[in-house]
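> predicted model and sequence follow; I will ask about them next.
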Amino acid sequence: MGKGSRWAVWIITLLAATLRLIGLGANSLWFDEAFSWLAARQPMAVLLTQRLEPFLPPLYHVLLHLWLRLGESEVALRSFSALCGLLSVPAIYCLGRELFTPQAGRAAALLTAISPFHIYYAQEARPYALVILLAALLLWAFVRAWKRDRIAAWALFGLLAALNFYAHYFVVFVLLALHAFILLAARRDRRRWRGPLLADLIALLLVAPHLPAAWARTGEVVGHFWLAQPSPLQPFKTLVYLLFGHTVPFTLLPATLFLVLSTLALVIMGAVRARGDPRRRLLLLIGILLTPMLGILLVSWLSGPLYLDRSFSLVAPAYALLLGWGLAHPPRGSPLRLLFGGLAIVAVATLGNYYLTADPARPPFRDAGQTLVAQWQEGDVVLHLHDSSYLPLRYYAPQAEAFLLNNDPDAWLPPATWEWAGRRTTALQPVVTDRSRLWVVIMPLRLTDRQADMLAQVESRFAQAGGWTWAAAEPVDLRLYVLDGGEAP
């Protein structure tokens, strides 16, 4: 790597670090992040042996468990994801240089550095930034192993395949695309199968202890998760999401969809027209990008909905590399540079929207928690009408004894999880017995008939002594009721 190229990569990495650190602790933790915090606080043996979360394997929570030694503030919790997101940038550069040219690597790294999708999940205490980093390392290991065909390189690929499986189950579809590439590329040379078979054996041995749990989790999720049945057009939305997340200004959505799909279509056309090794590698990236989306779409139709846009973060490195190649090597007369300019404008507008406006996915639970802490008295109890507030306020007001109205008897969290996540109730009386004051947390936009009925029971029996509302895209309503013998604030 030349001196100029080295400096370019350092500048891109510095830009990525800046964008991922701005406002890292600005927003409140939301339900999923609070779940990550609670899970990571469990003993290592619990994380490795119990199915605390049905949708994801344990690797992220194990690593976050170790990371918590640095602290448990919002910044500390999210900094692990920020580090993973930052490391993804040079990893994708190295992969692009290995696959194509240093110019393609720099372009892919730059796209990753400024992508609102990558920045968003680098600022969230969830596993997606780790998934992106491991997916980039997996592809890098595969490319090096395929080019060098050495036992050590294939062993490293097998190890990374196992790590990716422990980070996200959808890696199975990426491995399927890689094996299809091997089958087509080595159909006349069976000796090239020795290395991949070694990698498969290593990966299988490493993931075998977890396969029964993975199968059980899949059975728990399919048909019982909160996801809706995906539309055949859902992959088009996912392609936009994997670049810009969910913070694109509403007025720019039509233009963003046009720019993304037009750019990708032209890049794919260029890939099909390419010759030699670049063509095969580009087609491999297209396969990695599309196989998981189409595979999960089919599974969702046949078994039960599993399609969730952010779960395809593991294809983000292949996506960035594909677009990076198109940016670095546009055909003559192609409007690709103009389209990429339009995407850059959307990225700037989206980042402005993300940094300057409240995130609807992260309600102001910090404010509600501070009020609870300030007003809390002995004999108080909290009733959450919706689970979205329950775990975050365990984080912000840990001393507040709390109950959650059990709106769903078949809650998606496994029974073992509730042993440490807290208590659920179906009736009011167990909550208020021997209590002096009752706090009720309401998520107004999620108020169901069952929650409204419980709230009506509270208001018919007890006098309201205080109320606080935090207006936001997802508002939070906190009310205080005085029971027998209680005092108003």
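Looks like it came in fine.

> what residue is smack in the middle of this structure?
Y128 (3.6 Å; C-alpha atoms, centre = their mean).

> and that residue, what does it touch?
Contact analysis of Y128 by C-beta atoms under 8 Å, 6 or more residues apart in numbering lists 81, 121, 310, 313. Just so you know, the C-beta spots here come from the backbone N, C-alpha and C atoms, and that holds for glycine as well.

> need the nearest residue in space to the second one, chain neighbours excluded.
When you say that, I think you mean Y121. Distances taken as C-beta to C-beta, 6 or more residues apart in numbering place Y128 nearest to Y121, at 4.1 Å, with adjacent residues excluded.

> give me the distance between the nearest residue to V315 once chain neighbours are set aside and G295.
The shortest distance from V315 to any non-neighbouring residue, by C-beta to C-beta, 6+ apart, is to L289 (5.1 Å). For L289, the distance to G295 (C-beta to C-beta, to the nearest Å) stands at 12 Å.

> and for Q370?
Distance of Q370 to G295, given as C-beta to C-beta: 45 Å.

> so where's the stretch 151-300 of the chain uncertain?
Flagging of the stretch 151-300 of the chain using pLDDT under 70 yields the residue ranges 217, 219-226.

> coming back round to it: any idea how far the residue nearest to Y121 lies from Y241?
From Y128 to Y241 the distance is 12 Å (C-beta to C-beta).

> and H386, backbone torsions?
Dihedral angles of H386 (phi, psi; degrees, to the nearest 10) stand at phi -140, psi 140.

> correction: the previous question concerned Q42.
phi -80, psi 160.

> just the pLDDT for the closest residue to it other than its chain neighbours.
Nearest residue to Q42, sequence neighbours excluded (C-beta to C-beta, 6+ apart): W420, at 6.1 Å. On pLDDT, W420 comes in at 74.

> what is the most widely separated pair among the contacts of Y128?
Using C-beta to C-beta, those span at most 12.6 Å, a distance reached by S81 and R310.

> shared neighbours of the two, anything?
Common contact partners of S81 and R310 (C-beta under 8 Å, 6+ apart): 121, 128.

> give me the more crowded residue out of the two.
Each of S81 and R310 has its neighbours counted (other C-beta atoms under 10 Å); S81 has more, 29 against 19.

> contact partners for that one?
By C-beta under 8 Å, 6+ apart, the contact list for S81 reads 121-126, 128-130.

> nearest to L63, of those residues?
Nearest to L63 among the contacts of S81: L130, at 7.1 Å, using C-beta to C-beta.

> re the thing from before, between Q370 and G295, point out the one with more neighbours.
Using other C-beta under 10 Å, the more surrounded residue of Q370 and G295 is G295, with 17 against 13.

> pull the contacting residues for that one.
Neighbouring residues of G295 by C-beta under 8 Å, 6+ apart: 173, 176.

> which of the helices or strands spans it?
Using DSSP states H and E, G295 falls within helix 276-302.

> quick one: the helix or strand that that helix is followed by to helix 276-302, angle?
Counting by DSSP H and E, the element after helix 276-302 in chain order, helix or strand, is helix 316-328. Relative orientation of helix 316-328 and helix 276-302, computed by axes from the mean of the first three to the mean of the last three C-alpha atoms, to 10 degrees: 140 degrees.

> convert the helix or strand just after helix 316-328 to CSV, retaining C-alpha atoms only.
Counting by DSSP H and E, the element after helix 316-328 in chain order, helix or strand, is helix 336-356. Extracted in CSV, the C-alpha atoms of helix 336-356 (Å, rounded to 0.1, in the frame of the first residue of the first chain):
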residue,chain,number,x,y,z
LEU,A,336,-22.9,6.2,-11.8
ARG,A,337,-20.9,9.1,-10.4
LEU,A,338,-23.9,11.3,-10.7
LEU,A,339,-26.0,8.7,-8.8
PHE,A,340,-23.4,8.3,-6.1
GLY,A,341,-23.4,12.1,-5.7
GLY,A,342,-27.1,11.9,-5.1
LEU,A,343,-26.6,9.2,-2.6
ALA,A,344,-24.0,11.3,-0.8
ILE,A,345,-26.6,14.2,-0.5
VAL,A,346,-29.1,11.8,0.9
ALA,A,347,-26.5,10.5,3.4
VAL,A,348,-25.7,14.0,4.6
ALA,A,349,-29.4,14.8,5.0
THR,A,350,-30.1,11.5,6.8
LEU,A,351,-27.2,12.1,9.2
GLY,A,352,-28.4,15.6,9.9
ASN,A,353,-31.8,14.1,10.7
TYR,A,354,-30.3,11.4,12.9
TYR,A,355,-28.0,13.7,14.9
LEU,A,356,-30.4,16.7,15.3
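
> list the buried ones in helix 336-356?
Residues of helix 336-356 classed as buried by neighbour count (16 or more other C-beta atoms under 10 Å): 336, 339-340, 342-343, 346-347, 349-351, 353-354.

> excluding chain neighbours, what is closest to Q370?
Closest to Q370 by C-beta to C-beta, 6+ apart is Y396, at 7.0 Å.

> thinking A76 is in contact with L70, fair?
Yes - distance between A76 and L70: 5.4 Å, which falls inside the contact criterion (C-beta atoms under 8 Å).

> neighbour-wise, which of the two wins?
A76 (17 against 12).

> tell me the phi and psi of that one?
Phi and psi for A76, reported as degrees, to the nearest 10, are phi -60, psi -40.

> how about it, what does it touch?
67-68, 70.

> and of the residues you listed, the nearest to I268?
W67 (38.7 Å).

> okay but W67 is in contact with R78, surely?
No - with contacts counted by C-beta under 8 Å, W67 stays clear of R78, the gap being 10.3 Å.

> quick one, which of these two is more surrounded?
Set W67 next to R78 and count neighbours by other C-beta under 10 Å: R78 wins out with 25 against 19.

> pLDDT score for that one?
For R78, the pLDDT comes out at 98.

> over to the one 5 residues further on?
The confidence metric pLDDT takes the value 98 at L83.

> now do the host helix or strand of it and helix 316-328, the angle between them.
Assigned by DSSP H and E, L83 belongs to helix 74-99. Computed with the same axes, to 10 degrees, the direction of helix 74-99 lies at 50 degrees from that of helix 316-328.

> one step back: of all the contacts of A76, which comes closest to G379?
Lowest distance from G379 to the contacts of A76 (C-beta to C-beta) belongs to L68, with 31.7 Å.

> shouldn't that closest one be in contact with A40?
Yes - counting by C-beta under 8 Å, L68 touches A40, with 5.5 Å between them.

> who has more neighbours, these two?
When L68 and A40 are compared for neighbours, A40 comes out ahead with 21 against 15, by other C-beta under 10 Å.
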